[in-house]
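Chemist: model the structure of this input:
(one chain, ligands or ions: 1)
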Amino acid sequence: MGTLKFTKMHGCGNDYVYFDCFSQNIEDPETLSIRLSDRHKGVGGDGIIMVCPSDIADGRMRIFNADGSEAMMCGNGIRCVAKFLYDTGLAHKKHLEIDTLSGVKYCDIIEKNGEAVAVTVDMGRAELVPGRIPVSLPGERIVGETVSVAGGEYEVTCVSMGNPHCVLFGGDPMELDLETVGPRFEKDPIFPQGVNTEFIEVIDSHTLKMRVWERGSGETMACGTGACAAAVAACLNGYCKMGEDITVHLRGGDLVINYTDERVRMTGEAVKVFDGEIEV
Ligand SMILES: N[C@H](CCC[C@H](N)C(=O)O)C(=O)O
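Modeler: Numbering: from 1, shown residues only. Coordinates of the predicted model:
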C-alpha cells in the first residue's frame with residue numbers, strides 16, 4: 001500500500017483529479033479513474049488526468065474518463081495541466097507546449113498575482129473527414145445532415161478535435177432528457193469509437209448555449225473540445241462566422257472559441273480546488 005498526492009482542479013466545472021507524474025507513478029490509471037471519480041466513495045470527478053514528463057514538450061497529458069477509458073484530448077483538462085505546470089514551477093513559462101495523444105498543443109497562460117487563472121489553447125485543426133472522426137457515414141463531411149441515429153432521425157454535424165463529437169442544434173438544451181438521449185448517441189454503432197454529443201441553442205451570431213453528454217463520463221458541466229466542436233459546427237452551418245469570437249455558455253461557465261481553417265483557439269478558466277492524498 002502507498003499514497004498518491006493529487007490536486008483537484010476544474011475548468012468550468014469539468015472536474016478531474018490531477019496527478020504529478022514527474023514525481024510519482026500510477027500503475028493502473030484505468031482502475032484508479034473509476035475508483036476516484038465516484039462522487040460518494042472516491043474523490044469525485046469526471047475522471048483523472050496525469051501530468052507526465054515529455055521529451056518533446058514541457059509536459060504530457062494523459063486523461064481517463066470516469067469509466068476508465070483513455071481519451072485522446074481534453075480541452076478543460078489541458079488548461080488545468082498548463083496551470084499545474086506553471087503554478088508548481090515544473091514549467092514556469094507563459095507559453096507552454098503540452099503533448100497529448102492528439103499531438104502537441106500550444107498554451108498561453110493568463111496570470112493574476114503570480115498564478116495562472118485562465119489559459120488560451122491552440123487546439124489545432126478541426127477534422128471533418130468522417131473516417132477520421134470517426135463516424136460511419138458516406139460523404140466528405142457531415143454538416144447539417146439528417147441521419148438515423150440514437151433511435152431517431154436527427155440533423156447532425158460531426159467534428160473531431162482529436163476526439164469525436166456529434167453536434168445538434170435546436171431549442172433550449174436544458175429541456176432535454178439527456179440521461180435518455182445521451183447514451184443513445186454515445187453507443188450508436190455509427191460511432192465506432194463512441195462519441196461526445198453537444199446539444200446547442202444558438203442565442204445569436206456570437207453566442208451559443210450548450211449542454212453535453214460526454215463519452216465515458218456522462219453529462220459534464222462543460223466540455224472544452226465539445227465547445228470547440230460546437231463553434232466549428234455553428235460556423236459550418238452558417239449560425240456564426242469564422243475568425244470571430246464565439247462565447248459558449250456551458251452549465252459550469254463560459255468558454256470563448258475562435259475558429260479558422262488553420263486552427264481552433266479556446267480561452268477559459270483553470271481553477272485549483274484543493275490538494276490531497278489518497279491511499280492506493
Ligand atoms: N470524454 C472525452 C474526453 C474529455 C473531454 C472533455 N472533458 C473536454 O474538456 O474536452 C472523450 O472521451 O473524448
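
Chemist: low pLDDT regions in this protein?
Modeler: For the chain, the stretches flagged by pLDDT under 70 are 1.

Chemist: which positions in it make contact with the ligand?
Modeler: With Cβ under 6 Å from any ligand atom as the criterion, the chain meets the ligand at residues 14, 63, 65, 71, 74-77, 163, 196, 214-217, 220, 223-226. Yep, even glycine has a C-beta here, placed from its N, CA and C like the rest.

Chemist: just those residues: which are in strands?
Modeler: 14, 63, 65, 71, 196, 214, 220 (DSSP state E).

Chemist: which one is residue 63 nearest to, not counting chain neighbours?
Modeler: Take residue 63 and drop its neighbours on the chain: the residue closest to it by Cβ to Cβ, 6 or more residues apart in numbering is residue 74, 4.3 Å away.

Chemist: tally of neighbours for that neighbour?
Modeler: 30 (other Cβ atoms under 10 Å).

Chemist: over to residue 152?
Modeler: Residue 152: 9 neighbours (other Cβ under 10 Å).

Chemist: show me what it bridges to in the sheet.
Modeler: residue 149 (DSSP bridges).

Chemist: helix or strand for residue 124, which one?
Modeler: Using DSSP states H and E, residue 124 sits in no helix or strand.

Chemist: residues near it, how many?
Modeler: 20.

Chemist: what's the answer for the one 5 residues further on, then?
Modeler: Applying other Cβ under 10 Å, we find 14 other residues in the vicinity of residue 129.

Chemist: check whether it really touches residue 141, as I assumed.
Modeler: Yes. Residue 129 lies in contact with residue 141 (Cβ atoms under 8 Å); the separation is 6.9 Å.

Chemist: circling back to that earlier point, thought the residue nearest to residue 63 was touching residue 48?
Modeler: No. Contact criterion Cβ under 8 Å: residue 74 and residue 48 do not qualify, at 10.8 Å.

Chemist: hey, what's in contact with both of the two?
Modeler: 16, 63 (Cβ atoms under 8 Å, 6 or more residues apart in numbering).

Chemist: my guess is residue 228 meets residue 268, correct?
Modeler: No. Under the criterion of Cβ under 8 Å, residue 228 is not in contact with residue 268, lying 10.6 Å apart.

Chemist: neighbour count for the two, which is higher?
Modeler: Neighbours were counted for residue 228 and for residue 268 using other Cβ under 10 Å; residue 228 has more, 30 against 25.

Chemist: give me the element that one is part of.
Modeler: For residue 228, the element it lies in under DSSP H and E is helix 224-236.

Chemist: so how far is that helix from its chain's centroid?
Modeler: 11 Å (Cα atoms, centre = their mean, to the nearest Å).

Chemist: and the next element down the chain from that helix?
Modeler: Criterion used, DSSP H and E; the element after helix 224-236 is strand 246-250.

Chemist: skip ahead from that following strand and say which helix or strand is next.
Modeler: strand 253-259.

Chemist: just the CA trace of that next one, in CSV.
Modeler: Only the C-alpha atoms of strand 253-259 are listed here, as CSV (Å, rounded to 0.1, in the frame of the first residue of the first chain):
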residue,chain,number,x,y,z
GLY,A,253,-19.2,28.5,-17.1
ASP,A,254,-18.2,30.2,-20.4
LEU,A,255,-15.6,29.5,-23.0
VAL,A,256,-14.5,31.7,-25.9
ILE,A,257,-13.8,30.0,-29.1
ASN,A,258,-12.3,31.3,-32.4
TYR,A,259,-12.4,29.1,-35.5
